[in-house]
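Enquirer: Using only what follows, build the 3D model:
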Amino acid sequence: MAQWIDTVFGSMDLALFTFMHELAVAAGENAGAEITSFLTHFMNFVSFFAHDGLCMFALGLLLMLFRRTRPIGVCVFLAVCCGGLITNITLKPLIARTRPYANFDHLAGTVHAWWVSVGQARLGEGIYSSFPSGHTTSATAAMVGLFLASRRKKLTWPVLLFPLLMGVSRIYLMVHYTSDVLAGLVAGTLGGIAAYFIGKAIFSLLQKHEEKRLCHLFLHFDLIEAAKGWKHKKATATEE
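Expert: Numbers count the residues shown, from 1 in each chain. The predicted structure follows:
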């Protein structure tokens with residue numbers, strides 16, 4: 001399967017890698033392991049936010065602390081889980097595509113040197129886990145979930161640009177093929193859609209059993225209100 005993907009998308013992948021390399025050189029990147037371009041630092045910064053999905057999970061948990069944004073937070077959290085199930089648990093081990101900088105039977109003769117030039121001469125990710133892009137899947141799932149669960153879609157649609165930027169960063173850093181990124185966008189979108197319907201089902205079930213303490217707490221707890229209540233109790237105790 002991995003070899004078939006290499007063959008079918010080889011021309012497109014090489015064309016995008018070539019463009020990204022030329023962009024890096026134009027931005028001032030020099031050959032060698034030391035980063036010399038602001039653009040490369042920026043792409044690493046963008047890429048950081050989806051590493052292992054941790055920041056996306058954190059975003060979901062943060063939104064879950066407040067009653068108004070809890071449905072969005074639940075959807076974001078579930079979306080990252082669904083995306084991880086599709087990509088990291090299922091497709092990556094099944095396809096086992098070699099990353100571009102290590103695939104010497106395909107493009108690594110060219111891409112490996114470019115990978116080094118953008119400061120990626122280190123092994124922090126599995127070599128045989130290129131397809132799909134996990135970073136792109138995570139970012140897409142979280143943002144699609146956020147968008148679908150939001151009631152103000154006219155204001156939240158710009159979040160859908162983040163997965164595209166994430167995908168560009170993964171290609172620029174030479175750790176994923178363009179085809180990996182495209183597959184990550186699809187997997188993440190499916191994960192976000194699945195999470196949206198799962199989240200709706202969960203809230204529907206909780207509302208049916210709202211009289212139960214845990215269900216009521218989950219539906220109505222708000223960190224700001226809890227903090228105000230705690231502050232009021234503390235002030236009252238001090239006055240007494």
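Enquirer: then the one helix or strand residue 109 maps to to CSV, C-alphas only?
Expert: Applying DSSP states H and E as the criterion places residue 109 in helix 108-117. C-alpha atoms of helix 108-117 as CSV (Å, rounded to 0.1, in the frame of the first residue of the first chain):
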residue,chain,number,x,y,z
ALA,A,108,15.1,10.6,0.3
GLY,A,109,18.1,11.1,-2.0
THR,A,110,16.8,14.6,-2.5
VAL,A,111,14.5,15.3,0.5
HIS,A,112,16.9,14.2,3.2
ALA,A,113,19.3,17.1,2.6
TRP,A,114,16.4,19.5,2.5
TRP,A,115,15.0,18.0,5.8
VAL,A,116,18.4,18.7,7.4
SER,A,117,18.4,22.3,6.0
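Enquirer: Tell me which other helices or strands that helix touches.
Expert: In this structure, helix 108-117 makes packing contacts with helix 2-26, judged by 3 or more C-beta pairs under 8 Å, 6 or more residues apart in numbering; DSSP states H and E. Placement of C-beta: from N, CA and C, glycine included.
Enquirer: List the buried residues in whichever helix or strand comes after the helix it packs on.
Expert: Counting by DSSP H and E, the next helix or strand C-terminal to helix 2-26 is helix 38-48. Neighbour-count burial for helix 38-48, counted by 16 or more other C-beta atoms under 10 Å, picks out 39, 40, 43, 44, 46, 47.
Enquirer: Please, where are all the helices along the protein?
Expert: 2-26, 38-48, 54-64, 70-84, 92-95, 108-117, 134-149, 153-156, 161-172, 178-208, 213-220, 223-239 (DSSP state H).
Enquirer: Find the one among these with the highest mean neighbour count.
Expert: Comparing these by mean neighbour count (mean count of other C-beta atoms under 10 Å), helix 134-149 ranks first with a mean of 30.
Enquirer: Any chance of the helices of the chain in CSV with distance to residue 125 as columns?
Expert: Putting the helices of the chain into CSV (distance: least, C-beta to C-beta, whole Å) gives the following:
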stretch, distance to residue 125
helix 2-26, 16
helix 38-48, 11
helix 54-64, 14
helix 70-84, 14
helix 92-95, 11
helix 108-117, 12
helix 134-149, 8
helix 153-156, 30
helix 161-172, 10
helix 178-208, 12
helix 213-220, 35
helix 223-239, 35
